[in-house]
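Asker: take a look and give me a structure for this.
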Amino acid sequence: MATVVVTLKIMPESPEVDLDKLSEDIISKIKEFAGECETKVEKEAIGFGLSALKILFTMDEAKGDIDPLEEKVKQIEGVNSVEVIDVRRAIG
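Answerer: The predicted structure follows:
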């Protein structure tokens, strides 16, 4: 099986949510689901002081569906919504 790169877009509940703490909690859930993996966190300005998190991570394609991970991330305090915006096979 191949390695895939997944991009999650996470909207916090409000501009007051600590995005650094939130990203640590989300990466913890990702590593529980996918095992040790490469991760990258980006902040995307939305407007009115609100920023979204884009978290990219790698995982084995054999893991299959990532809906269970989405559900776990949605349960983290401070998360308003989670969306998988990209899944693609890694080259190399």
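
Asker: mind checking the end-to-end distance for stretch 48-68?
Answerer: Stretch 48-68 has an end-to-end distance of 31 Å (criterion: CA to CA, to the nearest Å).

Asker: my bad, should have said stretch 52-66
Answerer: 20 Å.

Asker: so P15 makes contact with F48?
Answerer: Yes. Look at P15 against F48 with CB atoms under 8 Å: they come within range, at 7.1 Å. All C-beta atoms are positioned from the backbone trio N, CA, C, and that covers glycine.

Asker: between these two, who's got more neighbours?
Answerer: Set side by side, P15 and F48 show more neighbours around P15, with 12 against 6, by other CB atoms under 10 Å.

Asker: that's a helix at the more buried one, yeah?
Answerer: No. Counting by DSSP: H, G, I helix; E, B strand; the rest coil, P15 falls outside a helix, being coil.

Asker: enumerate every residue touching it.
Answerer: Listed by CB atoms under 8 Å, 6 or more residues apart in numbering, the contact partners of P15 are 48-51.

Asker: what touches both of P15 and F48?
Answerer: The overlap between the contact sets of P15 and F48 (CB under 8 Å, 6+ apart) is empty.

Asker: which member of the contacts of P15 is positioned nearest A34?
Answerer: S51 (24.3 Å; CB to CB).

Asker: beta partners of the closest one?
Answerer: On the basis of DSSP bridges, S51 is bridged to A45.
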